[in-house]
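Student: With the sequence up front, the predicted model follows.
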Amino acid sequence: MEPLYSAPINKHVIPFGKILLNLRQLVKFRKLLVCYPSGGPVKQFGKARAISDEFKELLESILTTKTIDPVLQKRLATDEQHLLTSLMKVSRLGAMLRFEPYVPSTEEHLARYDVLRGALNAGLTHAPELLAELRQLTGLFTSIGRIQKEDSVWINQLLNDLETN
């Protein structure tokens with residue numbers, strides 16, 4: 001089994017499976033910046049990408065414990081769940097870390113929807129990731145019949161109006 005990471009390539013970059021992870025960007029700026037050992041960018045991740053405190057904490061946990069903490073993984077937003085899945089695939093660490101993509105239950109989706117709706121009601125309309133996640137959950141609930149199509153159209157129109165303001 002190959003090590004999760006070895007000695008730093010330089011003072012800012014460490015191997016993370018088959019790719020390199022910039023620790024300085026992660027720790028100091030809370031950004032995910034990865035590249036191939038050749039120095040070329042990893043297409044799926046682009047340039048330095050801002051991440052949440054939860055995602056940063058999960059990556060730091062992976063580096064120190066060499067395991068994926070399911071509690072931290074569960075706290076990630078949907079887009080960061082996808083980002084973690086991509087990271088595990090590209091780095092080829094998924095099997096070694098016994099990575100399983102987290103799939104929330106309908107009840108967990110409903111609880112998250114309520115939290116996001118509360119944030120929206122509290123006036124947090126300037127957060128594009130909040131609006132995007134609300135839109136995604138609205139689509140999910142419409143597809144499983146928890147929200148009527150007419151209500152879904154109205155909610156999406158409201159979210160569009162909030163994005164443009």
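Tutor: Noted; the coordinates are in hand.
Student: where does residue 151 land in three-state SS?
Tutor: helix (DSSP: H, G, I helix; E, B strand; the rest coil).
Student: Count the residues that sit near it.
Tutor: 13 (other CB atoms under 10 Å). For every residue, glycine as well, the C-beta is placed using N, CA and C.
Student: where's residue 87, which helix or strand?
Tutor: Using DSSP states H and E, residue 87 sits within helix 78-91.
Student: Return the distance of that helix from the chain's centre.
Tutor: Centre-to-centre, helix 78-91 and its host chain are 7 Å apart (CA atoms, centre = their mean, to the nearest Å).
Student: other SSEs contacting it?
Tutor: strand 34-35, helix 53-65, helix 128-143 (3 or more CB pairs under 8 Å, 6 or more residues apart in numbering; DSSP states H and E).
Student: Residue 28 is nearest to which of those?
Tutor: Nearest to residue 28 among the helices and strands packed on helix 78-91 is helix 53-65; the distance by CB to CB comes to 10.6 Å.
Student: May I see the buried residues of the closest one?
Tutor: Residues of helix 53-65 classed as buried under the neighbour-count rule (16 or more other CB atoms under 10 Å) are 55-56, 58-59, 61-62.
Student: from these, which single one is nearest residue 78?
Tutor: Each of the buried residues of helix 53-65 was scored against residue 78 by CB to CB, and residue 55 proved nearest at 12.1 Å.
Student: Please name the nearest non-neighbouring residue to that closest one.
Tutor: Excluding its sequence neighbours, the residue lying closest to residue 55 (CB to CB, 6 or more residues apart in numbering) is residue 80, at 4.9 Å.
Student: thinking again about what came up before, nearest to residue 133, of the buried residues of helix 53-65?
Tutor: Looking across those and measuring by CB to CB, the closest to residue 133 is residue 55, at 14.2 Å.
Student: show me the contacts for that closest one.
Tutor: Counting by CB atoms under 8 Å, 6 or more residues apart in numbering, residue 55 touches 32, 76, 80, 83-84.
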